[in-house]
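> The sequence and its predicted three-dimensional model are supplied below.
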Amino acid sequence: MIAVAAALYLFDCVVLLERGQALWSRGGLSFGSSHYQIRGKVVALLNPLTPFIPVFRTLPLFSRSSNVQLSRALHSLTPTAAMSLLQFVLLFAALPYCLYRAPGWPFVIALLAAYVNALAMLFLIFFRFKAFNIPMRPLIALGFGWLVCLPLSVNAQRKAGLAFEVALDARQAIRALPSRDQERARSDLAAQIGEAMQELEEADEQHRRLAELKRQLTKEAASERV
């Protein structure tokens, strides 16, 4: 049972991104794999050990704007960090211990605490999204999944943050990084753009725009080295 719960949680940590789209967290940017795809989308993996760190999805390249500012999204989810950590401990430490060492009432109490915490996270995220004017509709399906399949509730904070796109694209997010991290992020983005270009005909307008963006990234990286 514990192995199944862990497998479900790890599967829930898999995120699909558009080419050139990034995952933003306090730890930096991630563009996912440069080679592995599912249904034409890039495969990225959330860190299974840090469900308490909010993660957001940037806008895809050349896409429409979003009305959710990164600072607003971050402030809306920050209060749930402790609850996410507690849920991780309950699901993968307290419940396994009680199941094998203290079956009976201790296990029931730990299971009940996990459900109560999941429900509390759902309500808190709902009211925080409402206060910050963030779309709440995705929380209906997410919340149902958290309560029906308890291991998914460990990712509640991160999946709520990934339910929308924040109002910056990958290039803007790179500029906000410390200078020591920008070169690697530009290299990762250029690799994603190169993969996307291979999937398009050279006469395609999107191919031309991607090629121009790749040249700009190369130019910016060269100017920083100088």
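Structure's in. What do you need? Numbering: from 1, shown residues only.

> Leu168: helix or strand, and which one exactly?
strand 165-169 (DSSP states H and E).

> Now that strand: average pLDDT?
Computed over strand 165-169, the mean pLDDT rounds to 89.

> tell me how far that strand is from the chain's mean position?
13 Å (C-alpha atoms, centre = their mean, to the nearest Å).

> Only alpha carbons, please: show that strand as CSV.
Output of strand 165-169 as CSV, limited to C-alpha atoms (Å, rounded to 0.1, in the frame of the first residue of the first chain):
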residue,chain,number,x,y,z
GLU,A,165,0.2,30.5,-16.0
VAL,A,166,1.8,33.6,-14.4
ALA,A,167,2.3,36.8,-16.3
LEU,A,168,5.8,36.4,-17.6
ASP,A,169,7.5,34.2,-20.2
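
> Show residues contacting that strand.
The contact list for strand 165-169 (C-beta atoms under 8 Å, 6 or more residues apart in numbering) reads 20, 24, 56-61, 63, 65-70, 73, 176. Placement of C-beta: from N, CA and C, glycine included.

> Separate out the buried members of those residues.
With burial judged by 16 or more other C-beta atoms under 10 Å, the buried subset of those is Gly20, Trp24, Phe56, Arg57, Thr58, Leu59, Pro60, Leu61, Ser66, Val68, Leu70, Ala73.

> Reformat those as a markdown table; add pLDDT.
A markdown table is the format used below for the buried ones among the contacts of strand 165-169 (pLDDT from 0 to 100):
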| residue | pLDDT |
| --- | --- |
| Gly20 | 82 |
| Trp24 | 93 |
| Phe56 | 96 |
| Arg57 | 93 |
| Thr58 | 92 |
| Leu59 | 89 |
| Pro60 | 84 |
| Leu61 | 81 |
| Ser66 | 77 |
| Val68 | 89 |
| Leu70 | 91 |
| Ala73 | 94 |
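
> Count the neighbours of Leu10 for me.
13 (other C-beta atoms under 10 Å).

> got the contact list for it?
Here Leu10 is in contact with Pro48 (C-beta under 8 Å, 6+ apart).

> Equivalent analysis for Cys13, please.
Cys13 touches Leu45, Leu46, Asn47, Pro48, Asn155, counting by C-beta under 8 Å, 6+ apart.

> Setting aside sequence neighbours, what's the nearest residue to Thr78?
Spatially, and ignoring its direct neighbours in sequence, Thr78 is nearest to Pro54 (6.9 Å; C-beta to C-beta, 6 or more residues apart in numbering).

> Okay, that neighbour and Ala73: tell me how far apart.
8 Å (C-beta to C-beta, to the nearest Å).
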